[in-house]
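**Q** Sequence and predicted structure, then a few things I'm wondering about:
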Amino acid sequence: MAVTDAGEARGYRPSATMPFAAEFRRQASRRRTQLALGFMVLLPLIILIAFQFDSGGDDDNGRNEFASLVELATSGGLNFTLFSIFVSASFLLVVVVALFCGDTVASEASWGSLRYLLAIPVPRARLLTVKLMVALAYSGLALLLLAGTALLAGTLRYGWSPLRSTVAAELEPTEGLLRLLAVLGYLAVVLLVVAGLAFLLSVITDAALGAVGGAVLLWILSSILDQITALGALRDFLPTHFSTAWLGLLSTPVQTDDVVRGCISAISYATLFWGLAFWRFTRKDITS
């Protein structure tokens with residue numbers, strides 16, 4: 001075999017190994033990917049059907065707490081989309097992002113195929129980069145599928161009406177759509193923290209369930225700590241402290257102070273976790 005002065009096989013290019021498109025198709029064929037994306041499409045339809053069976057009674061105290069939200073949700077497609085995002089942002093989307101980013105490397109290790117990928121040879125940094133990019137692509141796709149399905153189903157059922165919320169004046173449909181896109185963009189940035197944490201745990205452990213569950217549990221723990229007012233200013237440094245700042249994007253006028261702080265916090269945490277993941281993986285003995 002012809003080799004170069006560097007000892008590499010002639011024609012070998014590290015950047016050509018493990019193409020993004022090939023890994024994207026490979027992950028698309030996995031059952032967990034299909035189920036996760038399918039549920040993103042199914043959830044708005046389940047909510048829509050549930051609203052059709054709403055009796056409209058006011059005896060249930062639990063229902064009264066959400067009566068105004070339900071009324072807003074059924075007043076137009078934009079409002080239905082906002083409701084779907086609201087009920088999904090704090091947990092469901094966290095689980096889905098943790099699933100895509102926490103399962104990506106750990107599953108290869110648990111199957112015993114990770115060492116074979118590196119023996120092709122695929123450079124370790126290249127493998128992690130492609131794995132991360134594909135996981136983030138599917139996470140973004142899940143968010144878009146949820147919002148897109150909710151917008152389509154809600155508009156067909158409730159019409160194209162102005163966006164209403166409890167924190168803002170009524171917004172014309174065009175402006176309301178732009179506000180919703182801004183909300184989705186901010187949520188995507190905030191969820192980078194979950195992506196970074198899950199990816200780091202995926203590199204550390206060979207158990208995919210441990211990486212996914214660990215990221216979700218740590219996110220929940222941060223959310224609980226954020227409710228403890230005795231922590232004072234320390235809460236500002238929790239990754240979940242600005243997770244609901246997207247509500248400011250719906251207010252009149254728009255409140256962006258916490259949005260900016262939330263973006264800085266999320267990007268900082270995500271960069272830290274990804275940096276630790278690359279540092280750990282490039283020094284780790286791969287035996288599985």
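**A** Looks like it came in fine.

**Q** pull the CA atoms of the helix or strand that contains G213 into CSV?
**A** Using DSSP states H and E, the secondary-structure element containing G213 is helix 208-226. Extracted in CSV, the C-alpha atoms of helix 208-226 (Å, rounded to 0.1, in the frame of the first residue of the first chain):
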residue,chain,number,x,y,z
ALA,A,208,-26.9,5.2,26.8
LEU,A,209,-29.8,5.2,29.3
GLY,A,210,-27.4,6.6,32.0
ALA,A,211,-26.4,9.4,29.8
VAL,A,212,-29.9,10.4,28.8
GLY,A,213,-31.4,9.9,32.3
GLY,A,214,-28.5,11.7,33.9
ALA,A,215,-28.9,14.8,31.7
VAL,A,216,-32.6,14.9,32.4
LEU,A,217,-32.2,14.4,36.2
LEU,A,218,-29.6,17.1,36.4
TRP,A,219,-31.8,19.5,34.5
ILE,A,220,-34.7,18.8,36.9
LEU,A,221,-32.3,19.2,39.9
SER,A,222,-31.3,22.6,38.5
SER,A,223,-34.9,23.6,38.1
ILE,A,224,-35.7,22.6,41.7
LEU,A,225,-32.7,24.6,43.0
ASP,A,226,-33.9,27.6,41.0
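
**Q** Check which element follows that helix along the chain.
**A** helix 257-281.

**Q** in that following helix, what counts as buried?
**A** 258-259, 262-263, 265-266, 269-270, 273-274, 276-278, 281 (16 or more other C-beta atoms under 10 Å). Heads up, the C-betas are built off the backbone N, CA and C, glycines and all.

**Q** Check stretch 209-221 too.
**A** G210, A211, V212, G213, G214, A215, V216, L218, W219.

**Q** Can you add pLDDT and distance to L231 and give those back as JSON lines?
**A** Output for the buried residues of stretch 209-221, formatted as JSON lines (pLDDT from 0 to 100; distance: C-beta to C-beta, whole Å):
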{"residue": "G210", "pLDDT": "91", "distance to L231": "28"}
{"residue": "A211", "pLDDT": "92", "distance to L231": "27"}
{"residue": "V212", "pLDDT": "94", "distance to L231": "27"}
{"residue": "G213", "pLDDT": "94", "distance to L231": "25"}
{"residue": "G214", "pLDDT": "95", "distance to L231": "22"}
{"residue": "A215", "pLDDT": "95", "distance to L231": "22"}
{"residue": "V216", "pLDDT": "96", "distance to L231": "22"}
{"residue": "L218", "pLDDT": "95", "distance to L231": "16"}
{"residue": "W219", "pLDDT": "96", "distance to L231": "17"}
